[in-house]
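> just the structure for this:
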Amino acid sequence: MKKSTAPNPDSTFVSVYRIGLVRDEHVKFDRVPLCGPSEAQRMIQNLILTLGQPDREQFCVLLLDTKNHPIGLNIVSTGGLTSATVVPRDVLKPAILANAAAMILCHNHPSGATEPSLCDKDITERIIKAAQLLGIMVHEHLIINMDNDQYYSFAEQGFIQKIYRQIETKEAV
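Prediction:
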């Protein structure tokens, strides 16, 4: 009688995993600290135009070191014409693997409109709160137009700072 080599479902074995970061491509940029949202907008627009799908909504992260030097880019989610599914876990995963200290969130609106939806505001708040627990700073969330240099900056509109103030207020209580 031949003995089965398949693992016994009643056994006490558990899988062991190794986590790694894989570099797919390179996008050229000057290695200097980012000075404003327009620099981040250009980098992410270039990423989407080069490696992404500009006719679909794409949610991306720009990963930064402790001196706000860009260390990586990641297209987190590709959606359809009007939305992309985004969950904080998927946004934070590349930041954790790259050992990023901070990040800039960004997504495009294929329609060209850059005004945020209620869903855009909600996911921004959820990501900031999750990142804060992990010690990762969210400096910005941009909504970009792929046809020109127009963008909406959550930081310039005070939204990012408002969320951090709410977090600080709750921690003080």
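> contacting residues for the residue nearest the centre of the chain?
The residue lying closest to the centre of the chain (CA atoms, centre = their mean) is residue 61, at 3.1 Å. Applying CB atoms under 8 Å, 6 or more residues apart in numbering to residue 61 gives the contacts 73-74, 76, 91, 94-95, 103-106. Where you see a C-beta, it was placed from the backbone N, CA and C, and this is true even at glycine.
> and those residues, which are buried?
The neighbour-count test (16 or more other CB atoms under 10 Å) marks 73-74, 76, 91, 94-95, 103-106 as buried among the contacts of residue 61.
> closest one to residue 84 out of those, please.
Within the set of the buried ones among the contacts of residue 61, residue 76 lies nearest residue 84; the separation is 8.3 Å, counting by CB to CB.
> how near is the closest one to residue 88?
Applying CB to CB, to the nearest Å, the value for residue 76 to residue 88 is 10 Å.
> the contacts of residue 61 in strands, which ones?
73-74, 76, 103-106 (DSSP state E).
> can you add distance to residue 25 and pLDDT and give these back as CSV?
CSV is the format used below for the ones in strands among the contacts of residue 61 (distance: CB to CB, whole Å; pLDDT from 0 to 100):
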residue, distance to residue 25, pLDDT
73, 9, 93
74, 11, 94
76, 15, 96
103, 19, 97
104, 19, 97
105, 20, 98
106, 17, 97
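> and of those residues, the nearest to residue 66?
The closest of those, once distances to residue 66 are taken by CB to CB, is residue 103, at 12.4 Å.
> secondary structure class for the residue lying closest to residue 107 once chain neighbours are set aside?
Nearest non-adjacent residue to residue 107, counting by CB to CB, 6 or more residues apart in numbering: residue 59, 4.3 Å away. With DSSP: H, G, I helix; E, B strand; the rest coil as the basis, residue 59 sits in strand.
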